[in-house]
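In: Any chance you can model this:
(one chain, ligands or ions: 1)
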Amino acid sequence: MSNPSLLILPGDGIGPEVMAEVRKIVDWFGAKRDLVFDVSEDLVGGSAYDKHGTPLHDDTMEKAQQVDAVLLGAVGGPKYDNLDFSVKPERGLLRLRKEMDLFSNLRPAQCFDALADFSSLKKDVVAGLDIMIVRELTSGIYFGEPRGIIEEGNERVGINTQRYTESEIARVARSAFELARKRGNKVCSMEKANVMESGILWRDVVTEVHQAEYADVELSHMYADAGAMQLCRWPKQFDVIVTDNLFGDILSDMAAMLTGSLGMLPSASLGVPMANGRPKALYEPVHGSAPDIAGQGKANPIACVLSFAMALRYSFDQGTEADRLEQAVEKVLADGLRTADLLGEEGVTPVSTSEMGDAIVAALTASL
Ligand code: NAD
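Out: Sure thing, here's the model as predicted:
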């Protein structure tokens, strides 16, 4: 069997800095766990524009379609703010998501005990929290037609359309149920079936898929507004939440901030399975290129490291090794190591990006 393949796209700003730490970890798994990846690296975003005049070269797109998983740092920066919309760094990322048809966006909200004080909620509400929001990413109100701003009588009217087909709902529901089986085996589906026809269809289709294929998974339904309240009140009641593009956009940001810093948040976007059974997959931290701290060794690499842990779990079926990596992160945080974004306690001196990466590698080695 050939090695699993990984395309690394560091991107701009702090992207290359945090990705350098992930490379150390990828190498560690090759050397110590016999888990060797065929790694290739390429440009995306502003760095690709500088070299090729486009934020994603066709060859890079082609490579992304071929590999088992893509790991991306971040794109963008003030240098590119005045470029034409069609070649802005973000277009590179959007093209990847669109052409790989990544319809299922996974955003975990996980709270490491050592960082529970960073949440705006009470410590006992968030300590040990581990939930996953699955957001439909390629349809719904952000894409539905008709859309636009039209003149009607003597005023303007803004129009967007919420539209979902059964197959679009079914595939993201399957993705959530599959995920739940690898976690706590519970799915809560959120919509507004009380006021939206698309919500009624959503609830019907999720229920049908559940009954036909995933009856072993516990399923509940909740209106999205009630879900928002419950996420603040007692988030630990959830395991996997599945919802549409619009509600998912809002609920995943809210859930993510339950846990504190942007420098800690990973994500995955998955598509349909390829011939080898692995889903098309893009893993990336939630944060951007942080131009305010780029090049200063201040970036927290953990969001990117945890994105690689998600790749281990969801693309490479290496759940035990993903646990090992997450536990290594937990260990360095419990030991008191903090990058500058995680400071809060008195008298703590921040570590640099590479010191944090080295500490995670050392914790991995200590786990053997
Ligand atoms: P940002 O996420 O880059 O930064 C927001 C704040 O969080 C900044 O103060 C930054 O220093 C801090 N921060 C972010 N990641 C951090 C980390 N790993 N460690 C420590 N601190 C961290 O968002 P922004 O400032 O709104 O955007 C900056 C650029 O990034 C823009 O060009 C934007 O378009 C782009 N962006 C890209 C993505 C992406 O690549 N997926 C996402 C969001 C923004």
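In: Quick one: name the residues of the stretch 1-150 of the chain near the ligand.
Out: Proximity of the stretch 1-150 of the chain to the ligand, by CB under 6 Å from any ligand atom, involves residues 14, 18, 74, 75, 76, 77, 90, 93. The C-beta positions use only the backbone N, C-alpha and C, and glycine is treated the same way.
In: what's the farthest-apart pair in those?
Out: Spanning the widest gap among these are 18 and 90, at 18.1 Å by CB to CB.
In: Which of these two has more residues huddled nearby?
Out: residue 18 (28 against 15; other CB atoms under 10 Å).
In: which residues touch that one?
Out: 73, 74, 285, 299, 300, 301, 303, 304, 305, 353 (CB atoms under 8 Å, 6 or more residues apart in numbering).
In: May I have the phi/psi pair for the residue in the stretch 201-350 of the chain positioned nearest to the ligand?
Out: Nearest to the ligand, among the residues of the stretch 201-350 of the chain, is residue 288, at 2.4 Å (CB to the nearest ligand atom). Here is the backbone geometry of residue 288 (degrees, to the nearest 10): phi -90, psi -160.
In: right, and it touches residue 13 too?
Out: Yes: Residue 288 is within contact range of residue 13, at 7.3 Å (criterion: CB atoms under 8 Å).
In: Common neighbours of the two, please.
Out: Listed as contacting both residue 288 and residue 13 by CB under 8 Å, 6+ apart are 74, 76.
In: quick one, domains of the protein?
Out: Recorded structural domains for the chain (assignment: automatic domain parsing) are 1-108+261-368, 130-258.
In: Do you know the pLDDT at the residue nearest to the spatial centre of the chain?
Out: Centrality entry for the chain: nearest residue to the mean C-alpha point is residue 267, 1.2 Å, by CA atoms, centre = their mean. For residue 267, the pLDDT comes out at 95.
In: Give me the more crowded residue out of residue 288 and residue 13.
Out: Taking neighbours as other CB under 10 Å, residue 288 and residue 13 compare with residue 13 leading, 29 against 19.
In: Please name the nearest non-neighbouring residue to the more buried one.
Out: Using CB to CB, 6 or more residues apart in numbering and skipping residues adjacent in sequence, the residue nearest residue 13 is residue 289, 2.7 Å away.
In: quick revisit: of all the domains of the chain, which one is nearest residue 120?
Out: With CB to CB, the closest approach to residue 120 among the domains of the chain belongs to domain 130-258: 7.5 Å.
In: Off-centre distance for that closest one?
Out: 16 Å (CA atoms, centre = their mean, to the nearest Å).
In: My guess is residue 130 contacts residue 110. True?
Out: Yes: taking CB under 8 Å as the definition, residue 130 is a contact partner of residue 110 at 4.9 Å.
In: So for those two, which sits in the more crowded spot?
Out: residue 110 (22 against 17).
In: how far away is the more buried one from the ligand?
Out: 16 Å (CB to the nearest ligand atom, to the nearest Å).
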